[in-house]
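**Student:** turn this into a structure:
(2 chains)
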2 protein chains.
Amino acid sequence: MKAVGIVVEYNPFHNGHFFQAEQARKLTGADVVIAVISGTFLQRGEPAIVSKWYRAQMALTCGVDLVIELPYLYSTQKAELFANGAISLLANMKVDFINFGSESGNINDFKQLHTFMQNHQAAFDQLVKSKMKLGLSYPRATAEAFNQLEPDSSILALTEPNNILGFHYVKSIADLGYNIKATTTLRKQAQYHDKDVTEENIASATSIRQAIANGQLSQIKHVMPKTSYQLIRDYKNAYSLLHTWEHYYHLLQYKILSTPSEQLRLIYECEEGLEYRMIQAGKHSTSFEEWMQQMKTKRYTWTRLQRLATHVLTNTTKAEMKNVLSSSPTYIRLLGMNKKGQAYLNYTKKQRTLPLITKPAKVEGPIASMEERVTNVYLSPLAPEQRTKQIKEEITRPPILIQ
Amino acid sequence: MKAVGIVVEYNPFHNGHFFQAEQARKLTGADVVIAVISGTFLQRGEPAIVSKWYRAQMALTCGVDLVIELPYLYSTQKAELFANGAISLLANMKVDFINFGSESGNINDFKQLHTFMQNHQAAFDQLVKSKMKLGLSYPRATAEAFNQLEPDSSILALTEPNNILGFHYVKSIADLGYNIKATTTLRKQAQYHDKDVTEENIASATSIRQAIANGQLSQIKHVMPKTSYQLIRDYKNAYSLLHTWEHYYHLLQYKILSTPSEQLRLIYECEEGLEYRMIQAGKHSTSFEEWMQQMKTKRYTWTRLQRLATHVLTNTTKAEMKNVLSSSPTYIRLLGMNKKGQAYLNYTKKQRTLPLITKPAKVEGPIASMEERVTNVYLSPLAPEQRTKQIKEEITRPPILIQ
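**Tutor:** Have a look, this model is predicted:
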């Protein structure tokens, strides 16, 4: 059996994702599609709008055979660490291929870019560093550094978000020495940040979340698979909310205003006096949106600041992150599978080295502790009875099995 | 001008308090009644039902001439530290007398008890220690230790809560060497813990809070001065709540479940593995009442556990508390006064050594930081706009001045 891995957030699962899973299978001829999916908080530093279970269910009913969880220590990181974590989990699942959506759509672009960067890594790092010292944000610094290296025009530029992620997948596979073949699919949709839901059948996740935030669920019905749309409605009916940062702002504000600056400074990604900025913004802001507007500077991207907010909310310190990142993953959490996924698990049983966890109540260690804590924070906006019920179920429920 | 000091919480101000202020003035012949009032969180480890400003206003319209704040570092402590803090602030206000309500009503009882305890302090301390080792709560250990010392029957027993507080006021004055004359008034009311509001005009604060928690404001109208009753109604109309622990439980639960046990252990009054108990209870409880029921043991009183919960909520560590308690008060915060109180301030201006703070935005240092943090936590349950407004006003508003 051959497997192709995809790295996804499914926030929520839409037609673009359906298309990608289908393409991944076709393009590689794989028997099985394995998705590694962010669990609670996402790469842009946001809570997932519905729980990992609902998103795993969406995937399993829409062309994915097996879903594993990308834990918090990787899911809330910039592209490089995010890619390293996802690729190492997929490698442990013994995938033969990975597939990613990109603005380029041509895998040779990424190979060429990787070779070019290998030859210029030291100069590139130096340039990024000096540009950040001038006050540029990390993404701008990398883009400008890249331009300054003067690659010829055939080299893919490091500017589009999915191209950047794709580059890091290819780089991770090479750096970590895995025998995985990377493939890419042209993204069939509007630009990532496009905010309007189009009349076509594929829309960006950002525009879909915008429509959801505005309470206009019906607007997105045509850009999502039926089951995915129904699962979002089900979640909202069951829990009376779809998670957004605003549901957490009173907790974030409480956390910031109850934490002395010297303790806030210990939080991961809290650099250069951001603790004082957070406190000032916390005193004066009545919503997360307002807080973020007050936090904004040229120096940091919105995403970077949202990730900081996430780490503050989840009480994730530099020391803890350093500790969990210093070792390889110690287990893989299985969220769900269909019969084919199950067959694949049996097929690869002897080759896989990491334990596959089905009930994390039995897992110990720093990564498991972090996951439990972060999940409990994620569940905070639920009503009291639902919250305590989910806190318990989260560590005891078995994976989803689709017939 | 002569002044009498009283130590109060006014949670809320009721007829018993009115009676005490009046008696304090009559009994001592003082010109001025000065109340030192707990600001945010109280000795039983609870949030004040209305803000310090509303409670100061109640006092000033009901016979008190000057109101200063008892800061958090003293207001949430067991009797000894609570009394030490309150007495030292009153001493700095140059009061000639203090007056306290007691179950005894006879000041000689307290003087006699104090002399007796001075002669038996070492033996008493030893007995308390050994009884606590056997698993008794602190109040039970002190009561049993006291009995075991076999005082003759004329010595006041250390059992009734207001007698215990009174003893500590008398002891503080002696220990700290202040020239203050202690007086006491027989408490004209039901036992402190009585939960039923009686038909008479004086009821216990506990029964009043119970009626408030049940939303039965009209039931308590006859046991409170008109202005006090009106101020409670005003607060509820303005902020849509009267603060109870239940308004903070989601924050407490979030705090407990987002804090690793080794960090929880650093919280003041977190002893002997209580951190694990808090986490377990936090996972399973949907309300503060339920959480407390799960926390309860013979070893600790309800009050002791509520104080622990308060310190967790306010993120007050052992190290911080040790630091602020190790020095004398560095300032006194003035909450309000009438003309007579103002005249007294002028009269004692040259004798008073601590700065009298009217706008704490200008105060620095560990006690001021603690106060600001704790107050921000206290304000958390308010609606977003009101919360940020109050956070700002709290450190900028001048004292109340009643004409």
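**Student:** list, one by one, the residues from the stretch 301-403 of chain A near chain B.
**Tutor:** When proximity is defined as C-beta under 8 Å from any C-beta of the partner chain, the stretch 301-403 of chain A approaches chain B at A:313-315, A:369, A:373, A:376-377, A:380, A:384-385, A:387-388, A:391-392. C-beta here means a position set from N, CA and C on the backbone, and glycine is covered the same way.
**Student:** which two among those residues are spaced furthest apart?
**Tutor:** A:369 and A:385 (25.2 Å; C-beta to C-beta).
**Student:** flag the shaky bits of chain A, pLDDT-wise.
**Tutor:** Counting by pLDDT under 70, chain A shows low-confidence ranges at A:188-200.
**Student:** give the buried residues for the longest helix along it.
**Tutor:** When chain A is parsed with DSSP state H, its longest helix is helix A:107-133. Neighbour-count burial for helix A:107-133, counted by 16 or more other C-beta atoms under 10 Å in any protein chain shown, picks out A:107, A:109-110, A:112-114, A:116-117, A:120, A:124, A:127-128, A:131-132.
**Student:** got it, and stretch A:268-286?
**Tutor:** A:268-270, A:274-275, A:277-279, A:281-283, A:285-286.
**Student:** same question for stretch A:219-226.
**Tutor:** Under the neighbour-count criterion of 16+ other C-beta under 10 Å, stretch A:219-226 has A:219, A:220, A:223, A:224, A:225 buried.
**Student:** so who does the closest residue in space to the last one that isn't next to it in sequence touch?
**Tutor:** Which is residue A:225. Once flanking residues are discounted, residue A:225 sits nearest to residue A:62: 4.7 Å by C-beta to C-beta, 6 or more residues apart in numbering or on different chains. Going by C-beta atoms under 8 Å, 6 or more residues apart in numbering or on different chains, residue A:62 touches A:13, A:17, A:18, A:21, A:225, A:227, A:228.
**Student:** of all those, which two lie farthest apart?
**Tutor:** Between any two of the contacts of residue A:62 (C-beta to C-beta), the greatest distance is 13.3 Å, for A:21 and A:227.
**Student:** before we move on, the earlier item: so which of the buried residues of stretch A:268-286 are also by chain B?
**Tutor:** Answer for these near chain B (C-beta under 8 Å from any C-beta): A:283, A:285, A:286.
**Student:** which ones among those residues lie within helices?
**Tutor:** residue A:283.
**Student:** picking up where we left off before, tabulate the buried residues of stretch A:219-226 (CSV), appending distance to residue A:308 and secondary structure.
**Tutor:** Formatted as CSV, the buried residues of stretch A:219-226 follow (distance: C-beta to C-beta, whole Å; DSSP: H, G, I helix; E, B strand; the rest coil):
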residue, distance to residue A:308, secondary structure
A:219, 32, helix
A:220, 29, helix
A:223, 31, helix
A:224, 31, coil
A:225, 34, coil
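**Student:** any chance of these in JSON lines, with distance to residue A:213 too?
**Tutor:** Listed next are the buried residues of stretch A:219-226 as JSON lines, based on distance: C-beta to C-beta, whole Å:
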{"residue": "A:219", "distance to residue A:213": "11"}
{"residue": "A:220", "distance to residue A:213": "11"}
{"residue": "A:223", "distance to residue A:213": "15"}
{"residue": "A:224", "distance to residue A:213": "16"}
{"residue": "A:225", "distance to residue A:213": "21"}
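**Student:** which of those sit farthest apart?
**Tutor:** The widest separation within the buried residues of stretch A:219-226 (C-beta to C-beta) is 15.8 Å, between A:219 and A:225.
**Student:** hang on, the earlier thing: for chain B, state which of the buried residues of helix A:107-133 is nearest.
**Tutor:** residue A:132 (30.6 Å; C-beta to the nearest C-beta).
**Student:** not counting sequence-adjacent ones, nearest residue to that closest one?
**Tutor:** Distances taken as C-beta to C-beta, 6+ apart put residue A:141 closest to residue A:132, at 4.7 Å, once the chain neighbours are dropped.
**Student:** any of the residues of the stretch 301-403 of chain A next to chain B buried? List them.
**Tutor:** Here, 16+ other C-beta under 10 Å leaves A:313, A:314, A:315, A:373, A:376, A:377, A:380, A:387, A:388, A:391 buried among these.
**Student:** now the stretch 51-200 of chain A against chain B: closest residue?
**Tutor:** residue A:72 (12.4 Å).
**Student:** if you could redo that for the stretch 101-250 of chain A, that was the one I meant.
**Tutor:** Nearest residue of the stretch 101-250 of chain A to chain B, counting by C-beta to the nearest C-beta: residue A:250, 7.1 Å away.
**Student:** how near is that residue to residue B:248?
**Tutor:** 11 Å (C-beta to C-beta, to the nearest Å).
**Student:** got any residues that touch both of the two?
**Tutor:** Common neighbours of residue A:250 and residue B:248, using C-beta under 8 Å, 6+ apart, are residue B:380.
**Student:** nearest residue to residue A:276 in space, please, no chain neighbours.
**Tutor:** residue A:261 (6.1 Å).
**Student:** my guess is the one you found contacts residue A:280. True?
**Tutor:** No. Contact criterion C-beta atoms under 8 Å: residue A:261 and residue A:280 do not qualify, at 10.5 Å.
**Student:** okay, helices next: where are they in the stretch 51-200 of chain A?
**Tutor:** Counting by DSSP state H, counting those that start in this stretch, the stretch 51-200 of chain A has these helices, from start to end: A:52-60, A:72-75, A:79-92, A:107-133, A:138-148, A:161-176.
**Student:** who's in contact with the residue nearest to residue A:338 when sequence neighbours are not counted?
**Tutor:** Spatial nearest neighbour of residue A:338, chain neighbours left out: residue A:402 (4.2 Å); criterion: C-beta to C-beta, 6+ apart. The contact partners of residue A:402, taken as C-beta under 8 Å, 6+ apart, are A:60, A:61, A:336, A:337, A:338, A:339.
**Student:** export these to JSON lines and tack on neighbour count?
**Tutor:** Shown next, in JSON lines, are the contacts of residue A:402 (neighbours: other C-beta atoms under 10 Å in any protein chain shown):
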{"residue": "A:60", "neighbour count": "24"}
{"residue": "A:61", "neighbour count": "18"}
{"residue": "A:336", "neighbour count": "25"}
{"residue": "A:337", "neighbour count": "24"}
{"residue": "A:338", "neighbour count": "20"}
{"residue": "A:339", "neighbour count": "11"}
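**Student:** just these now: which is nearest residue A:209?
**Tutor:** Nearest to residue A:209 among the contacts of residue A:402, with distances taken as C-beta to C-beta, is residue A:61, at 20.5 Å.
**Student:** that closest one against residue A:227, yeah?
**Tutor:** Yes. Counting by C-beta under 8 Å, residue A:61 touches residue A:227, with 4.1 Å between them.
**Student:** picking up where we left off before, I'd like the buried ones among the residues of the stretch 301-403 of chain A next to chain B laid out as TSV, including secondary structure.
**Tutor:** Conversion of these to TSV gives the following (DSSP: H, G, I helix; E, B strand; the rest coil):
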residue	secondary structure
A:313	helix
A:314	coil
A:315	coil
A:373	helix
A:376	helix
A:377	helix
A:380	coil
A:387	helix
A:388	helix
A:391	helix
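**Student:** which one of those is nearest residue B:204?
**Tutor:** Nearest to residue B:204, judged by C-beta to C-beta, of these is residue A:388 at 33.4 Å.
**Student:** now do the strands in the stretch 151-300 of chain A.
**Tutor:** Per DSSP state E, counting those that start in this stretch, the stretch 151-300 of chain A has strands spanning A:181-186. These are given in chain order.
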